[in-house]
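Engineer: build me a model from this:
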Amino acid sequence: MQVVEAPSELPGIRDVPVATVPDILRRGVQDFRRAPAFGLFFSGVYVLGGIVLWWVLGSSGREWGLIPFAAGFPLLAPFAAIGLFEVSRRLERGEPLIWREVLGVVFAQKDRQLPSMAMIVLMMFMFWVFVAHTIFALFMGTRAMTNITSSPEVLLTTPHGVGMLVVGVAVGAVLAAVLFSITVIGLPLLLEREVDVVTAMITSVAAVRANPGTMLGWATTIAVLMFAAMVPMFLGLLVVLPVLGHASWHMYRAVTG
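Structural biologist: Next up is the predicted model:
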């Protein structure tokens, strides 16, 4: 018979200064250096998935799908960081890093609330791809057919291309902000405590509202590093993703105490 855990007490929300962001990132680097094999393993799964999807779209002649895919792919990163959260949790407690135990905790999440959060993240990613295609059709649908992957100058030298970029970036930023707000504290909270997914999202949004400047700085840091790491065929994510994953756990700790 499965034992049902009693609901956990919710953590308090603390004010965290903006100056904490560089220190949080430094702690992420330290955790990655202490457990590089785990970081490379979890990031490797994410990177391999990205390369496979990129290859499928390219080989099927659907190059037009590469741009919204590349822009939205980072939306899936928070769920890929669950294993990194567990590694950081064990490091801060001085617990041994045993592969069987770490992976066991990750796989055990299937019986908890994390799959619900994963579905929300996936639905937002799919919604973004649909919206991106719609924006492309609205701005470029009446134009002569041009392969924007081989002629990217079309996006920067025509009114329709610039308009599509502006609207696409604005809509994407809103979706990314929503996703960041519900997962930055929500995901590690679901890993550490027995709370439902709605409560975790509400708590996460409350933490963002209590620390708008700090969270804006942290979100900007994540966005810049993630997109920069994606340039060399996602390979930069092998290092950047584990650093950000570990650092996100320390941000959770800083905000919740």
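Engineer: where does pLDDT dip in the stretch 51-200 of the chain?
Structural biologist: Scanning the stretch 51-200 of the chain for pLDDT under 70 picks out 57-58, 60-79, 140-157.
Engineer: what about the strands in it?
Structural biologist: Taking DSSP state E, counting those that start in this stretch as the test, none of the stretch 51-200 of the chain falls into strands.
Engineer: okay, now Ala80: neighbour count?
Structural biologist: Ala80: 21 surrounding residues under other CB atoms under 10 Å. From N, CA and C alone the C-beta is placed, and that goes for glycine too.
Engineer: any idea how far Ala206 is from the nearest residue to it once chain neighbours are set aside?
Structural biologist: The shortest distance from Ala80 to any non-neighbouring residue, by CB to CB, 6 or more residues apart in numbering, is to Tyr46 (4.2 Å). Note on Tyr46: its distance to Ala206, by CB to CB, to the nearest Å, is 28 Å.
Engineer: how about Val166?
Structural biologist: 32 Å.
Engineer: those two: which is more packed in?
Structural biologist: Ala206 (15 against 12).
Engineer: contacting residues around the more buried one?
Structural biologist: Neighbour list for Ala206: Ile13 [criterion: CB atoms under 8 Å, 6 or more residues apart in numbering].
Engineer: so it is in which element?
Structural biologist: helix 197-210 (DSSP states H and E).
Engineer: could you dump that helix to PDB, C-alpha only?
Structural biologist: The C-alpha coordinates for helix 197-210 follow below in PDB (Å, rounded to 0.1, in the frame of the first residue of the first chain):
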ATOM      1  CA  VAL A 197       1.300  22.100  -8.000                       C
ATOM      2  CA  VAL A 198      -1.100  25.000  -7.700                       C
ATOM      3  CA  THR A 199       0.200  26.000  -4.300                       C
ATOM      4  CA  ALA A 200       3.700  25.700  -5.600                       C
ATOM      5  CA  MET A 201       3.000  28.000  -8.500                       C
ATOM      6  CA  ILE A 202       1.200  30.600  -6.200                       C
ATOM      7  CA  THR A 203       4.200  30.500  -3.800                       C
ATOM      8  CA  SER A 204       6.600  31.000  -6.700                       C
ATOM      9  CA  VAL A 205       4.700  34.000  -8.100                       C
ATOM     10  CA  ALA A 206       4.500  35.500  -4.500                       C
ATOM     11  CA  ALA A 207       8.300  35.200  -4.300                       C
ATOM     12  CA  VAL A 208       8.800  36.900  -7.600                       C
ATOM     13  CA  ARG A 209       6.500  39.700  -6.600                       C
ATOM     14  CA  ALA A 210       8.300  40.100  -3.300                       C
END
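Engineer: chain center to that helix, what's the gap?
Structural biologist: Centroid separation for helix 197-210 versus its chain: 16 Å, with CA atoms, centre = their mean, to the nearest Å.
Engineer: please compute how far the helix or strand that that helix is followed by lies from its chain's middle.
Structural biologist: For helix 197-210, the succeeding helix or strand toward the C-terminus, using DSSP H and E, is helix 212-230. Relative to its parent chain, helix 212-230 has a centroid offset of 10 Å by CA atoms, centre = their mean.
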